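Participant: Here is my input, please return the structure:
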Amino acid sequence: MTSEPIGKGHGGRHAAATPGKAVEVPSTTFHYHDRERLASYRRTEPYPPMARAGAWLVLLVGLSVMYAEWDLYGQSAQNQSDANWALGFMILSTAGALRILVGAPGRHLPAGVAILVSGLGFLYRAFLVTGDASAVLAYEATCGVLLVVAALMVLLSPDLTGPPPPSSDPWG
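Facilitator: Now for the predicted structure:
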């Protein structure tokens, strides 16, 4: 914008400013000029190697429980109760596994404990509640053992820490 009056020679319209007379207006938006420095603030801690493998094992057990809900458990009241317990344990352990796979790197104590509780629940139901020797008992015992192994993989993974963030921050 210039302070020159609108001349009569241009039909009442403002004449275009010449490049030397143009007013520079700074941008009102915030620009990231140093993207590499900003990217260095991301968490770069490595994932514990066994925790992710344990989480994948839990997801495979969860898929097998989904199949068992459809095909293995019968339609009697006791079998449907067993199926509901298995579904609850599967939901709890899958939530822990997804927390490990999608969450921030580091120790995964709550997720590991949730998986361990699910595995011990499967073992308790298999050996103490489901008294008959059937395919359901063998299936629940196998799921319980696999979940306990996965929980131990998660809980015994080392706590790996990455380098600290840079100390020189121009923004404060």
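
Participant: And the average pLDDT for the host helix or strand of Ala95 is what?
Facilitator: In this assignment (DSSP states H and E), Ala95 forms part of helix 77-102. For helix 77-102, the mean per-residue pLDDT is 89.

Participant: What are the buried residues along that helix?
Facilitator: Judged by neighbour count using 16 or more other CB atoms under 10 Å, the buried positions of helix 77-102 are 82-83, 85-87, 89-90, 92-97, 99-101. Heads up, the C-betas are built off the backbone N, CA and C, glycines and all.

Participant: can you check stretch 69-77 too?
Facilitator: So stretch 69-77, judged by 16+ other CB under 10 Å, has buried residues Leu72, Tyr73.

Participant: what's the first-to-last distance across it?
Facilitator: Start and end residues of stretch 69-77 are separated by 14 Å (CA to CA, to the nearest Å).

Participant: what is the mean pLDDT for the helix or strand where Leu57 lies?
Facilitator: Using DSSP H and E, Leu57 sits within helix 49-71. Averaged across helix 49-71, the pLDDT comes to 90.

Participant: Remind me what that helix packs against, helices and strands.
Facilitator: If you count contacts as 3 or more CB pairs under 8 Å, 6 or more residues apart in numbering; DSSP states H and E, helix 49-71 packs onto helix 77-102, helix 109-124, helix 135-155.

Participant: mean confidence score for the shortest one?
Facilitator: It refers to helix 109-124. Here the average pLDDT along helix 109-124 is 94.

Participant: Buried residues of that helix, list them for me.
Facilitator: Ala111, Gly112, Ala114, Ile115, Leu116, Val117, Ser118, Gly119, Gly121, Phe122, Leu123.

Participant: Look up the closest residue to Thr94, ignoring the ones flanking it.
Facilitator: Gly62 (4.5 Å; CB to CB, 6 or more residues apart in numbering).

Participant: check contacts around that neighbour.
Facilitator: Gly62 makes contact with Met90, Ser93, Thr94, Ala97 under the criterion CB atoms under 8 Å, 6 or more residues apart in numbering.

Participant: quick one, what contacts the second one?
Facilitator: When contacts are counted by CB under 8 Å, 6+ apart, Ser93 touches Val58, Val61, Gly62, Ala114, Ile115, Ser118, Gly119, Leu147, Ala150.

Participant: let's see it at 6 Å
Facilitator: By CB atoms under 6 Å, 6 or more residues apart in numbering, the contact set of Ser93 is Val58, Ile115, Ser118, Leu147.
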